[in-house]
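Student: coords below, sequence missing:
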């Protein structure tokens, strides 16, 4: 092992000492002459042999590299032509020339993956990753393959690649796989964390939305069950029951449970406001309900401080009582606290239209519609303002948007009613369920 090292030292020393030029052949001849003059014939033979062997290897490497490139180009052409089998053959030829070509292994893995041949894909991708661990896309695809194959290593691979991927489509695939694994393991908090990222990345992807809904639904029930076990008679449990009843449209029973919650704990945060909302929504035009709701809102304001939400509710009560001065004051206060609030902008628009200030109302209503494109009230108020300003085209457009939004909301409401439909009670006979009674 000392001979090549010695030759290298001699070559380097000779070049430094003589200042030889940069041509490899000229350098070799000059060093040979130098070594001959020093009487080192064995070193000369070794040096010359090593030089020409290296030169031959360089020429062979260049030829091999050209062939590898040719096979890669043929493979890509085959893939574009929809011939994966031909592409696979070309990638294998690359590996015959260069057995440690990570790119060829990764490409073979992708071809197999796209054909849903996860077993072979996993083998190829693993070899590519063993050669070059920095291949994040390869790691991501391998994680999906291992998940399909039921391999426990899938979780580590998916976790390691998810946050590092830049390609949205692949990151979505990996995120869906990762959230699914967490969901199966019962790690709902981790699944929810991933699903939030996916929803932000793909806000209109139906598969992403369905998975997120499933995870959030189960997470809500998991926490509800825990609350029921730890505090079945607590104020928090009564508040939760009330919220469920509100969502189901049963405001009357919800009010009773809100009041039970306050009886148990009068200082429970947010309950006075929620109770006021339920009372007001039960009969918005009823003066007694308006007075009772206002009392709850004012109690919430004293106990927890003023908020834009409280001001909007007080503004709506004043508006229904035709007290435009107080209504404007409350809505304007809400707008100052939260200029991006849809209810504050909508409320100001309504009050200004009622007061005949149509042009002043339009900017607030436009902002409300931009904040919430599904605000049918904002589109309706805009249509009314444009019509009264003798702008028929603008009015027609907003009225059509109002109808479209209303149709959409009616459809969604029907779907919710369908989901919440309960089966009619059945009378059990000796042979099982009988005809519903």
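Tutor: Perfect, I can see it now. This one's a predicted model, so the numbers in the text were calculated from it and none came from an experiment. Residues are numbered from 1 along each chain as shown.
Student: pLDDT weak spots in the chain?
Tutor: For the chain, applying pLDDT under 70 flags the ranges 1-63, 420-437.
Student: show me the contacts for the residue most central in space within it.
Tutor: In the chain, the centroid-proximal residue (Cα atoms, centre = their mean) is residue 198; its distance is 1.6 Å. By Cβ atoms under 8 Å, 6 or more residues apart in numbering, the contact set of residue 198 is 172, 175-176, 179, 205, 208, 211-212. All C-beta atoms are positioned from the backbone trio N, CA, C, and that covers glycine.
Student: which of those are buried?
Tutor: Taking 16 or more other Cβ atoms under 10 Å as the criterion, what is buried in the contacts of residue 198 is 172, 175-176, 179, 208, 211-212.
Student: could the residues you listed go into JSON lines alongside distance to residue 250 and secondary structure?
Tutor: Shown next, in JSON lines, are the buried ones among the contacts of residue 198 (distance: Cβ to Cβ, whole Å; DSSP: H, G, I helix; E, B strand; the rest coil):
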{"residue": "172", "distance to residue 250": "39", "secondary structure": "helix"}
{"residue": "175", "distance to residue 250": "37", "secondary structure": "helix"}
{"residue": "176", "distance to residue 250": "36", "secondary structure": "helix"}
{"residue": "179", "distance to residue 250": "33", "secondary structure": "helix"}
{"residue": "208", "distance to residue 250": "32", "secondary structure": "helix"}
{"residue": "211", "distance to residue 250": "30", "secondary structure": "helix"}
{"residue": "212", "distance to residue 250": "27", "secondary structure": "helix"}
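Student: And the helices in the stretch 201-350 of the chain, which stretches?
Tutor: Using DSSP state H, counting those that start in this stretch, the helices of the stretch 201-350 of the chain run over residues 206-230, 235-247, 251-264, 271-282, 287-304, 308-320, 324-337, 342-354.
Student: Comparing those helices, which stretch has the densest surroundings?
Tutor: helix 342-354 (a mean of 24; mean count of other Cβ atoms under 10 Å).
Student: got the contact list for the very next helix or strand once past that helix?
Tutor: Scanning forward in sequence from helix 342-354 by DSSP states H and E, the next helix or strand is helix 358-371. Contact with helix 358-371 is made by 335, 340-342, 345-346, 348-350, 352-353, 375, 378-379, 381-382, 385-386, 388-389, 401, as judged by Cβ under 8 Å, 6+ apart.
Student: which parts of helix 358-371 are buried?
Tutor: Quick answer for helix 358-371 (16+ other Cβ under 10 Å): 358, 361-362, 364-369, 371.
Student: tell me the angle of the next helix or strand after it relative to helix 358-371?
Tutor: Heading C-terminal from helix 358-371, the first helix or strand you meet, by DSSP H and E, is helix 376-388. When axes from the mean of the first three to the mean of the last three Cα atoms, to 10 degrees is applied, the directions of helix 376-388 and helix 358-371 differ by 150 degrees.
Student: In which helix or strand does the residue nearest to residue 376 when sequence neighbours are not counted reside?
Tutor: Spatially, and ignoring its direct neighbours in sequence, residue 376 is nearest to residue 405 (4.4 Å; Cβ to Cβ, 6 or more residues apart in numbering). Using DSSP H and E, residue 405 sits within helix 392-420.
Student: Could I get the contacts of residue 198 in TSV, plus columns for distance to residue 225?
Tutor: Formatted as TSV, the contacts of residue 198 follow (distance: Cβ to Cβ, whole Å):
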residue	distance to residue 225
172	31
175	27
176	27
179	22
205	30
208	26
211	21
212	20
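Student: Can you give me the distance of the closest residue to residue 358 other than its chain neighbours to residue 395?
Tutor: Distances taken as Cβ to Cβ, 6+ apart place residue 385 nearest to residue 358, at 4.8 Å, with adjacent residues excluded. Distance of residue 385 to residue 395, given as Cβ to Cβ, to the nearest Å: 8 Å.
Student: dump the residue contacts of the residue nearest to residue 215 when sequence neighbours are not counted.
Tutor: Distance criterion Cβ to Cβ, 6+ apart; nearest residue to residue 215, sequence neighbours excluded, is residue 191 at 4.8 Å. Shown in contact with residue 191 (Cβ under 8 Å, 6+ apart): 179-180, 182-183, 215, 219.
Student: mind redoing it with 6 Å?
Tutor: Going by Cβ atoms under 6 Å, 6 or more residues apart in numbering, residue 191 touches 179, 182-183, 215.
Student: how about the residues you listed in a markdown table, adding distance to residue 87?
Tutor: Compiled in a markdown table, the contacts of residue 191 are given as follows (distance: Cβ to Cβ, whole Å):
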| residue | distance to residue 87 |
| --- | --- |
| 179 | 32 |
| 182 | 35 |
| 183 | 36 |
| 215 | 38 |
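Student: Check those residues and tell me the two furthest apart.
Tutor: Maximum pairwise distance among the contacts of residue 191 (Cβ to Cβ): 8.4 Å, between 182 and 215.
Student: Check the buried ones among the contacts of residue 198 and tell me the two furthest apart.
Tutor: 172 and 212 (12.3 Å).
Student: hmm, back to that, compute the inter-axis angle for the host helix or strand of the residue nearest to the centre of the chain and helix 206-230.
Tutor: Using DSSP H and E, residue 198 falls within helix 188-201. Computed with the same axes, to 10 degrees, the direction of helix 188-201 lies at 150 degrees from that of helix 206-230.
Student: give me the element the closest residue to residue 126 other than its chain neighbours is part of.
Tutor: Nearest in space to residue 126, with sequence neighbours left out and distances taken as Cβ to Cβ, 6+ apart, is residue 142 at 6.3 Å. Residue 142 belongs to helix 136-148 when assigned by DSSP H and E.
Student: Residue 385 and residue 395: which is more packed in?
Tutor: Per other Cβ atoms under 10 Å, whichever of residue 385 and residue 395 has more neighbours is residue 385, with 24 against 18.
Student: mind listing what that one touches?
Tutor: By Cβ under 6 Å, 6+ apart, the residues touching residue 385 are 353, 358, 361-362.
Student: Make TSV out of the residues you listed and add distance to residue 255.
Tutor: Listed next are the contacts of residue 385 as TSV, based on distance: Cβ to Cβ, whole Å:
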residue	distance to residue 255
353	32
358	38
361	34
362	38
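Student: and which of these is nearest to residue 69?
Tutor: Comparing the contacts of residue 385 against residue 69 with Cβ to Cβ places residue 362 closest, at 63.9 Å.
Student: Give me the distance between that closest one and residue 395.
Tutor: 12 Å.
Student: Also residue 367?
Tutor: Counting by Cβ to Cβ - residue 367 and residue 395 are separated by 18 Å.
Student: picking up where we left off before, may I see the buried residues of the helix holding residue 405?
Tutor: Buried, per 16+ other Cβ under 10 Å, within helix 392-420: 395, 398-399, 401-402, 405.
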